[in-house]
Structures are given as C-alpha cells and as structure tokens.
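Q: Got a predicted structure plus its sequence, pasted below:
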Amino acid sequence: MKRLALIALCLVCFVPIVSAQSERDFDFGTMLSAKFSANLKKNFSIGAEEEIRFSRNSTQFNRWLNGVNVSYSFLHDRMEVGLNLEYIRRYNNDDYYENRGRIGIDLSYSETFRRFKFTYRSRFNSTFLDETTGEHRVNPKVYWRNKFQASYQRPNSRFKYTLSAELFWLLNDPKHCVIDNIRTTLIIDYRIARRHSIALMLRNNNDIQVKDPVSILYVGLQYRMKM
C-alpha cells in the first residue's frame, strides 16, 4: 500500500505539468527564504518564516512574506494541528503593490514506513485583500488546501528528499468555486549541523480552470534553523 501511495503521489505531481494547456502562459521565478522553529513543552512548537519571491523570469519583485505559526502534535506525533498568521506585500497584476493578511488553520497526519514518511495536510486559509487599492469581488478569499507529501531519508544521511502535490480549492466565490491551482514541489534538504540545514526547492504553480492560466516554475533556496 505504501508503494501504491507513492506512485499515486508521483502521478498527481507530474500529470498536471505534462497535460498543461498549450495556450497557457509560462514564467520562471526564484525564491529566497528563512525558516525558524522551536519546540516547547507538552508537544507545542512555534515558528517564523521570511520569504521574498521574484517572477517574470526572475526580473521583478513579486512578493515579500512574513509568517508566524504555532502547532500542537499528538497521537505519538502522528497528528498535528496548527495556526498560521502571515503578512504579505504582493505585486498586483494592475502594476501596483498591495498588502494582504492571511490566517490559516491546518490538520495533518503522518505515517512512517521504513525510510519513507507520508503526510497528508488539510488547511483552510482566509486571505484578506486591501480594499484601498481596488475593489475585489470576493474578500476575504477562502481556500481549502489539500497537500500530499512523501519524504525519503537514509539512516545517518545528511540528505532528505521530499515530493509533494497541493490542491487549491476556492470555496467562497459563487461564480468560481473550483480547484484553480495545483502546486507540485521537489525539495532536497541538506543538514549542515544539528540545528541548521538548507533546502533546494523546485516548485511548479499550475493554474487550472481559470480564464488566463499561468504556469510558473520557481527555483528556491531556504535556510532552516530548529531550536
């Protein structure tokens, strides 16, 4: 069953890329980020993240993100519930920058099989848009995000490999209540020291069921510190 789950995950990840519509636009971008996390008593943990992102062939600043989160794990660390808060400074398609606030709650379940770890995460996000910079048909935008992930790491290895696919379902738009994006990600983690690591990411954001679909391929580098 574990092998079947991994095969299914690979299909979910790569079929959207292969079957992308020929009339869609394509773009390339880069990401730089840093993530910090710390374990507290009684299965609680807290974290923070900073990210900057560039698009249009990595020539234009796309967004800046600041995030904090708190999570609680239970069932022998198999399940986790989390709360996330984010502030986003984002470039709008109308050639101006706008502020956005986001709150999210998620529930995840993980299962380990030999050297593999399989994780399913369900997250509800509400993104509050800046009405001072323009009118929005739906505000906030509420998404239900479902992420399927598989990780592999050999014993005593400094490297860890992760493959994931995430579906974005817009819930509160009466004219467009559909899954409108599939995000597939490949990550290679390298542990520098006990508390420090870096991650090389390859991410494809693939619009579906929208008027002007865009596929953006991002290459990212992330520094991670765990206390």
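A: Received the coordinates, thanks.
Q: drop to CA atoms for contacts and neighbour counts, all remaining ones
A: Will do.
Q: This structure: strands as residue ranges?
A: In the chain, the strands defined using DSSP state E lie at 25-39, 44-55, 60-74, 79-92, 96-113, 116-128, 141-152, 159-170, 179-191, 196-207, 214-226.
Q: Out of the helices and strands in the chain, which is least certain?
A: The helix or strand of the chain with the poorest confidence is helix 2-18; it has a mean of 49 (mean pLDDT, DSSP states H and E).
Q: what bridges to Asn205?
A: Arg183, Ile216 (DSSP bridges).
Q: Show the pLDDT at it.
A: Note on Asn205: pLDDT of 94.
Q: That one is in contact with Asp180, isn't it?
A: No. Using CA atoms under 8 Å, Asn205 is not in contact with Asp180, being 10.4 Å away.
Q: what's near enough to touch Ser126?
A: 102-104, 140-143 (CA atoms under 8 Å, 6 or more residues apart in numbering).
Q: repeat that with 10 Å
A: 85, 101-105, 139-144, 172 (CA atoms under 10 Å, 6 or more residues apart in numbering).
Q: Just give the number of residues close to the residue nearest to Phe116 when sequence neighbours are not counted.
A: Closest residue to Phe116 apart from its sequence neighbours, by CA to CA, 6 or more residues apart in numbering: Tyr152 at 4.7 Å. For Tyr152, the neighbour count with other CA atoms under 10 Å is 18.
Q: Who does Tyr152 form a beta bridge with?
A: Taking DSSP bridges as the rule, Tyr152 bridges to Phe116, Tyr161.
Q: how close does it sit to Arg121?
A: Per CA to CA, to the nearest Å, Tyr152 is found 17 Å from Arg121.
Q: quick one on the thing from earlier: just the buried residues of the contacts of Ser126.
A: 85, 101-105, 140-144, 172 (16 or more other CA atoms under 10 Å).
Q: Return the distance of the residue nearest to Phe116 relative to Asp77.
A: As judged by CA to CA, Tyr152 and Asp77 stand 18 Å apart.
Q: Contact partners for the nearest residue to Asn57 once chain neighbours are set aside?
A: Closest residue in space to Asn57, ignoring its immediate chain neighbours: Phe28 at 4.5 Å, by CA to CA, 6+ apart. Going by CA under 10 Å, 6+ apart, Phe28 touches 54-59, 204, 215-219.
Q: re earlier: dump the contacts of Ser126 into TSV; add distance to Phe116 as well.
A: Converted to TSV, the contacts of Ser126 look like this (distance: CA to CA, whole Å):
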residue	distance to Phe116
Leu85	30
Gly101	35
Arg102	32
Ile103	31
Gly104	27
Ile105	26
Asn139	40
Pro140	37
Lys141	35
Val142	32
Tyr143	29
Trp144	26
Asn172	36
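Q: Closest to Trp64 out of those?
A: For these, the closest approach to Trp64 (CA to CA) belongs to Gly101, at 11.9 Å.
Q: who's in contact with that closest one?
A: Contacts of Gly101 (CA under 10 Å, 6+ apart): 65-67, 85-89, 126-130, 140.
Q: ditto for Asn39
A: Taking CA under 10 Å, 6+ apart, one finds 45-47, 70-72, 226-227 in contact with Asn39.
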